[in-house]
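fold the stuff below for me.
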Amino acid sequence: MKFNRWFVVLGALLIQISLGAIYIYSIFKPGLKSHFPDWSATDLALPSQIVLAFFALSMIFSGKIQDKIGPRKTATVGAIFLLVGMYVAAKAHTLAQFVFGFGVFGGVGIGAAYVCPIAACVKWFPDKRGLVTGLAVAGFGAGGLFFTPLANYFIETLGIMATFFYLGLIYFCAIVIGAQLLKIPPAGFCPAGWTPPSMQTNLFKINRIDYSTKEMIKTKQFWLLWFTYFIGCAAGLLVIMNITNIWQSLAAVDILKAADIISRTSFGDILKAGAEAVMAVAVFNSLGRIVWGKISDNLGREKTLMIVFSFCGAAMILLGAAVNYSVFILGAITVGCCFGGFLALYPAMTADHFGTKFVGENYGLMFTAYGAGGLLGPWLAPKLLNNLKTVPYETIDATGKTIAKLLETGGYSNSLFLAGALCLLAAFLISRLKPTK
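Here you go, the predicted model:
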């Protein structure tokens with residue numbers, strides 16, 4: 001029976017939706033702060049930094065491994081690592097324990113599973129490389145849409161720490177099922193009715209030579225792509241991993257202009273709006289991967305990427321100047337959409353410039369730019385806070401009694417404006433990208 005290559009895309013979506021739940025970390029922050037009141041703002045940001053860093057680092061080794069043993073086994077091993085990490089996080093009593101479970105084990109598991117669908121899809125779809133890489137990673141962006149309401153329900157009914165374990169079980173099951181649909185096409189596979197390009201086209205700088213990783217890192221093109229990818233990821237993750245905090249600070253300052261304390265009802269509305277923002281960004285993050293990937297198949301990868309960076313730079317500046325929820329959500333979803341574009345376009349550009357034979361290992365190394373951006377972006381936001389202050393708000397304790405607590409707030413404009421300027425720089429650099437020879 002002939003294998004339908006679209007089953008690989010289905011498996012990719014199952015895996016990526018589960019892995020994409022990494023983007024809902026900001027949903028956990030209020031609960032973690034309540035459970036560990038001595039954790040500072042940078043302490044709360046640390047797990048998200050570490051998980052992104054180890055996610056990217058593990059891609060280097062996982063890409064090479066899956067090139068040898070196949071995507072099915074590699075993704076299954078990743079699911080096991082992620083489950084163990086979420087279990088350790090659920091049992092943590094200290095910041096170090098939580099970071100080790102959620103950040104280190106979780107990051108390694110995510111990286112091992114993430115690279116497999118991408119490597120498989122670009123080999124099955126040389127005729128639709130931009131679209132299919134967008135689809136393959138669309139689930140990663142949509143993970144927040146699916147898991148935000150579920151995580152909130154678990155937090156309310158099971159508590160913040162138990163939530164990590166039950167989410168880990170769900171991730172594990174979905175990834176293992178999706179992994180069974182992944183396979184590598186036979187050597188020399190060519191889709192029916194498609195003729196491989198024999199030379200560089202006016203749309204893509206397609207290289208018919210397969211570069212090994214050692215050969216790839218000797219090219220100027222690799223380092224230009226890596227640096228711009230780093231900028232895009234740092235900017236996108238700065239917003240995504242701090243989206244609820246950015247909104248809480250903006251809303252709290254506005255409310256306290258007319259009151260001495262944020263009422264329980266008002267604070268509940270702030271949390272609800274923050275969760276809705278996380279879901280909205282997840283939707284546009286996912287759509288951006290498909291839309292920008294498809295556009296790049298028609299317009300060309302480099303031109304598309306220049307447009308995406310320009311939009312992202314403008315959106316970061318808009319978000320830094322936001323004065324109400326409408327402007328805030330417009331800036332946030334635009335950043336989410338552009339960030340999705342980065343995750344769709346760079347795997348395709350890696351294959352365009354350096355071939356598909358070693359794409360798992362090559363993109364694994366390219367993806368370290370994501371890890372570096374994940375270290376910088378989430379850290380930059382709390383580090384460059386201006387007008388830092390603590391504001392009082394009402395909430396209820398375990399007995400149902402209304403009590404007052406303090407919320408740390410501050411302005412995020414410094415980090416947002418800086419990230420916006422860097423995105424505009426990246427747009428210029430992409431315009432200077434030459435074919436790989």
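
any idea how far the closest residue to residue 350 other than its chain neighbours lies from residue 341?
Distances taken as Cβ to Cβ, 6 or more residues apart in numbering put residue 363 closest to residue 350, at 4.7 Å, once the chain neighbours are dropped. Every residue, glycine included, has its C-beta placed from N, CA and C. Distance of residue 363 to residue 341, given as Cβ to Cβ, to the nearest Å: 16 Å.

cool, residue 390 as well?
From residue 390 over to residue 341 (counting by Cβ to Cβ), the distance is 37 Å.

next one: residue 32
31 Å.

higher neighbour count, those two?
Legend: neighbour count by other Cβ atoms under 10 Å for residue 32 and residue 341, higher for residue 341 (30 against 20).

what helix or strand does that one sit in?
Secondary structure assigned from DSSP states H and E places residue 341 in helix 325-354.

check which helices and strands that helix sits against.
Counting contacts by 3 or more Cβ pairs under 8 Å, 6 or more residues apart in numbering; DSSP states H and E, helix 325-354 is packed against helix 106-124, helix 129-158, helix 220-240, helix 243-255, helix 264-299, helix 301-320, helix 359-366.

for that helix, buried residues please.
Buried residues in helix 325-354, counting neighbours by 16 or more other Cβ atoms under 10 Å, are found at 325, 328-329, 331-354.

what do you get for stretch 210-226?
Using 16+ other Cβ under 10 Å as the test for burial, stretch 210-226 gives 211, 213, 215, 216, 219, 221, 222, 224, 225, 226.

now, among these, which is nearest to residue 46?
The nearest member of the buried residues of stretch 210-226 to residue 46, counting by Cβ to Cβ, is residue 226 at 24.4 Å.

I'd assumed residue 367 was in contact with the closest one.
No. Between residue 226 and residue 367 there is no contact under Cβ atoms under 8 Å: 9.4 Å.

could you report the neighbour count for the closest residue in space to residue 107 that isn't next to it in sequence?
Leaving aside its sequence neighbours, residue 107 sits nearest to residue 54 (Cβ to Cβ, 6+ apart; 2.8 Å). Using other Cβ under 10 Å, residue 54 has 23 neighbouring residues.

centre of the chain to the strand or helix carrying residue 54, how far?
In the assignment (DSSP H and E), residue 54 maps to helix 41-69. Relative to its parent chain, helix 41-69 has a centroid offset of 11 Å by Cα atoms, centre = their mean, to the nearest Å.

and for stretch 74-87?
For stretch 74-87, the distance to the chain centre is 18 Å (Cα atoms, centre = their mean).

can you list contacts of that stretch?
Contact with stretch 74-87 is made by 15, 19, 62, 65-66, 101-117, 164-165, 167-169, 171-172, 175-176, 178-179, 182, as judged by Cβ atoms under 8 Å, 6 or more residues apart in numbering.

just for the stretch 251-400 of the chain, where's the confidence low?
In the predicted model of the stretch 251-400 of the chain, residues 256-258, 388, 397-400 satisfy pLDDT under 70.

got a pLDDT number for the residue nearest to residue 117 when sequence neighbours are not counted?
With Cβ to Cβ, 6+ apart as the criterion, residue 117 has its nearest non-adjacent residue at 3.2 Å, and that residue is residue 12. pLDDT, residue 12: 87.
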